[in-house]
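Participant: Fold the following.
(one chain, ligands or ions: 2)
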Amino acid sequence: NNIFYGRSLLNIDDFSADEINYLIDFAIHLKHLKKNNIKHEFLAGKNIALLFEKPSTRTRSSFVIAINDLGGHAEYLGTNDIHFGDEESVSDTAKVLGSMYDGIEFRGFKQQDVETLSKYSGVPVWNGLTDDSHPTQMLADFMTMKEKFGKLEGLTLTYVGDGRNNMANSLLITAALLGVNVHIVAPKSLFPSKANQELAQKYAQQSGAKVVITDDVDAGVKGSNVLYTDVWVSMGEDNWDERIQLLKPYQVNMEMIEKTGMNDDEIIFMHCLPSFHDNKTIKGQYIEEKYGLTALEVSDEVFNSKYAWQFTEAENRMHSIKAIVAATLGNLFIPKA
Ligand code: CP
Ligand code: NVA
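Facilitator: Residues are numbered from 1 along each chain as shown. Ligands and ions are numbered 1, 2, ... in the order given. Below you'll find the model as predicted:
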């Protein structure tokens, strides 16, 4: 019997630490199968809906490729293509999609919407990012750390930047669950919410992880194995002036890497992407013209350095999404984690 079968991933703590560790190891195994051209069509005959209210490169591509490799069929449904939330309620949409598809991915604004889809569809729903959380990203991120360091427990992950966004929320909770020490380094006005801090503390007490929330860069980054950052302005926001002003001292650059005090093989840089590390984008050119900056949350030097793991992390989205989709939909034998 498969303890993952039929379950949704709405928040990372819908699964226990043992179950998350199991999914990470399963993802590493699936990566090995893919690299060695070994077939793994656990989802033959399954149909999966991919709902997107926001743009996506990695998440969309990961779901499509993962489902193809698993022998299933993926259908992309942008909100301009379907009636979602506009002419038809989320709960009615959920009932219809659930009667046809075997599983649903949702990327959008409200966490409430992904919860409603799960409640009314009757099929597994995977959260591909909301304003509040990004749980499928967590599987890839902690898989990447495990690949680099060979273990998770006892590592120190430091997230620097907007401490209240979906990435900060999810990294804080996942690290605390898995026994990874977690530092959130952010200006006070962007500290994680009280509720999220309390939840992290609860899990940290069980796992033995240490949680530090600080606005002090020097103290916060010391001893980090992973320096992690994300965009200063997330999809759906438009508060550039305020964020650049607040977050300028929090850019991940070579000076910050030095401040960790770690040896070269003990520290990596991670980023969920996309990122403002140069001015090669239309938005990047706008930022340069308006603020005179060619990089925001991470310097181009760090982004292209030997510390950078963000592209392995991006590839691992596909392998780890394959793991959660196969585990929750496939008729696999998965021993109790
Ligand atoms: N990291 C991530 O979710 O990327 P996309 O927005 O490209 O899916
Ligand atoms: N915080 C970012 C993450 C993108 C993957 C956003 O929501 O835009």
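Participant: I'd like to check which residues are in contact with the residue nearest the centre of the chain.
Facilitator: For the chain, the residue nearest the mean C-alpha position is Gln137 (2.2 Å; Cα atoms, centre = their mean). Gln137 sits next to 59, 129, 167, 170, 272, 317 when contact means Cβ atoms under 8 Å, 6 or more residues apart in numbering. C-beta: built from backbone N, CA, C; applies to glycine.
Participant: What parts of the chain come near ligand 1?
Facilitator: For the chain, the residues in contact with ligand 1 (Cβ under 6 Å from any ligand atom) are 56-59, 129, 137, 272-273.
Participant: Looking at the residues you listed, which one is closest to Ile48?
Facilitator: Thr59 (13.3 Å; Cβ to Cβ).
Participant: host element of Gly220?
Facilitator: Here Gly220 is covered by helix 217-221, with elements defined by DSSP states H and E.
Participant: Give me the contact list for that helix.
Facilitator: In contact with helix 217-221 (Cβ under 8 Å, 6+ apart) are residues 158, 160, 183-185, 212, 214, 227, 249-250, 256, 259-260.
Participant: What about those residues, which are in strands?
Facilitator: 158, 160, 183-185, 212, 214, 227 (DSSP state E).
Participant: Highest neighbour count among those residues?
Facilitator: Ile184 (30 neighbours; other Cβ atoms under 10 Å).
Participant: Can you tell me how far Val298 is from Arg7?
Facilitator: Taking Cβ to Cβ, to the nearest Å as the measure, Val298 falls 35 Å from Arg7.
Participant: got it, and Ala295?
Facilitator: Counting by Cβ to Cβ - Ala295 and Arg7 are separated by 40 Å.
Participant: which bits of the chain sit near ligand 2?
Facilitator: Residues of the chain lying near ligand 2 (Cβ under 6 Å from any ligand atom): 129, 165-167, 230-231, 234-235, 272.
Participant: make it 8 Å
Facilitator: 54, 56, 58-59, 129, 131, 134, 137, 162, 165-167, 230-231, 233-237, 272-274 (Cβ under 8 Å from any ligand atom).
Participant: Please report the distance of the nearest residue to Pro135 once chain neighbours are set aside from Ser299.
Facilitator: Excluding its sequence neighbours, the residue lying closest to Pro135 (Cβ to Cβ, 6 or more residues apart in numbering) is Ile12, at 4.2 Å. For Ile12, the distance to Ser299 equals 29 Å [Cβ to Cβ].
Participant: ok, now Phe109?
Facilitator: 31 Å.
Participant: and what of Tyr203?
Facilitator: Tyr203 is 32 Å from Ser299, by Cβ to Cβ.
Participant: Check Gly236 too.
Facilitator: To Ser299, Gly236 is 26 Å away according to Cβ to Cβ.
Participant: Helices of this protein, start to end?
Facilitator: 17-35, 58-69, 90-100, 111-121, 135-149, 166-178, 194-207, 217-221, 240-247, 254-259, 282-291, 300-303, 310-329 (DSSP state H).
Participant: Cool, thanks, talk later.
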